[in-house]
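Enquirer: Fold the following and give me the result.
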Amino acid sequence: MKKVLISSEITLKEAINRLNELGTKTLVVSNEENILLGTLSDGDIRRAIINGNNLDENIKNIYNQNPKYVQEGKYSIKKLAEDFIRNKYDLMPMLSSKMEIKKILFLEDLLSENESAKLRPQDTTVIIMAGGLGKRLLPMTKDVPKPMIKVGDNSMIEIVIDNFKNFGFLDFIVSVNFLSDQITSHLGDGNKMGVKIDYIKEEKPLGTAGSLSLIQNIKDDKPYIVTNSDVIIDLDFRDLVKHHKDNKADITICTKFHEINIPYGVVNTNGTVISIEEKPNKSYWVNSGLYVLSPSIINKVKSDEYIDMTDLISKEISEGSKVISFPIFGYWKDIGQKEQLEEARKYLAETKEDRDEN
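Expert: Sure thing, here's the model as predicted:
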């Protein structure tokens, strides 16, 4: 519980780093006496960034100072679970009669596995790009397609599907190519996972966006989520779709805050030294591998055209399409290399242990 608690004195950047470290979407603000002051959600941070707040600013004017909470022994589990689902709460503090924080409640603490599967179904189709060769994970991917590599108890692609299913996304299109039979035979039509899966198959590599041209019967009135099969994200995907629709965007790119330390003194010079920084940290918003595309964008992809998603997006920007970003916080891992695979395995194992303890 202590890791979720933060002081009101920390900066926006520190809060982002804490969300990323914990893989949660909300932090609880408390004072030194463990008294609840408020909550800070990824939505609060996202709004602050969109409004132009500096990452070095204090969170005092950003966090919610009127948070929802329950008192110990004075709540109905059933009604509270309904509140979580209806209002999309990530967590809720449980307080003593003296307003001290006694416990942090999560939805999984309140629901059985069967009940958690009853979230309202969403009408957005998720396209999973699963046709890559996975060269960076050789020799593991010599005879096994990358999406089928185990990360804990399940394969990468099963984890991706489960993450969407947890928020009511039940319709999937999986784009396959390399060793595709292993994927299609294992997942089937999705029935055993409680979802519906259709497939499109590249007869030759078409890049990270080219296979979109193979989709039949594109729905003209609804956007599509597109994700790589090796990206594990802790996100309420309903917020992503709402952001895309509210902004009437053509493309939404999920971006992740990433900080890099340069282990040398950096000299800014044009012949004359202007400044020098000792081992500075540089921060960027990076592409997370998760997108929302409007139907008109998918329909523009030419049949049999090799095109990567970054090239498609650059092309649409140059043609005047509305391309926006959606900053994400909490856990994110792009499993492109062995080191990242081991990090994801460790994270999922620790998360499972924490839930078992609770």
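Enquirer: Could you use CA atoms for every contact and neighbour count after this?
Expert: Noted.
Enquirer: can you pull out the helices in this structure?
Expert: In the chain, the helices defined using DSSP state H lie at 12-22, 42-50, 77-87, 107-110, 113-116, 156-165, 180-187, 237-246, 295-300, 309-318, 338-357.
Enquirer: can you list the ones you listed in CSV and add mean pLDDT?
Expert: CSV is the format used below for those (pLDDT from 0 to 100):
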stretch, mean pLDDT
helix 12-22, 89
helix 42-50, 90
helix 77-87, 78
helix 107-110, 75
helix 113-116, 53
helix 156-165, 93
helix 180-187, 94
helix 237-246, 95
helix 295-300, 95
helix 309-318, 97
helix 338-357, 75
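Enquirer: Dump these into TSV; add mean neighbour count as well.
Expert: As requested, those are exported to TSV (neighbours: other C-alpha atoms under 10 Å):
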stretch	mean neighbour count
helix 12-22	20
helix 42-50	17
helix 77-87	14
helix 107-110	16
helix 113-116	11
helix 156-165	21
helix 180-187	15
helix 237-246	16
helix 295-300	16
helix 309-318	14
helix 338-357	14
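Enquirer: Kindly provide the distance from residue 325 to residue 174.
Expert: Per C-alpha to C-alpha, to the nearest Å, residue 325 is found 24 Å from residue 174.
Enquirer: Now render the helices of the chain as a markdown table, adding distance to residue 225.
Expert: A markdown table is the format used below for the helices of the chain (distance: least, C-alpha to C-alpha, whole Å):
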| stretch | distance to residue 225 |
| --- | --- |
| helix 12-22 | 22 |
| helix 42-50 | 19 |
| helix 77-87 | 21 |
| helix 107-110 | 24 |
| helix 113-116 | 22 |
| helix 156-165 | 10 |
| helix 180-187 | 19 |
| helix 237-246 | 8 |
| helix 295-300 | 10 |
| helix 309-318 | 13 |
| helix 338-357 | 23 |
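Enquirer: Indicate which one of those is closest to residue 218.
Expert: helix 295-300 (6.6 Å; C-alpha to C-alpha).
Enquirer: ok, and what's touching that closest one?
Expert: Residues outside helix 295-300 that contact it (C-alpha atoms under 8 Å, 6 or more residues apart in numbering) are 212, 213, 218, 219, 220, 221, 222, 223, 224, 250, 251.
Enquirer: if you set the cut-off to 10 Å instead, what comes out?
Expert: 209-216, 218-224, 250-251, 312-313, 316, 321 (C-alpha atoms under 10 Å, 6 or more residues apart in numbering).
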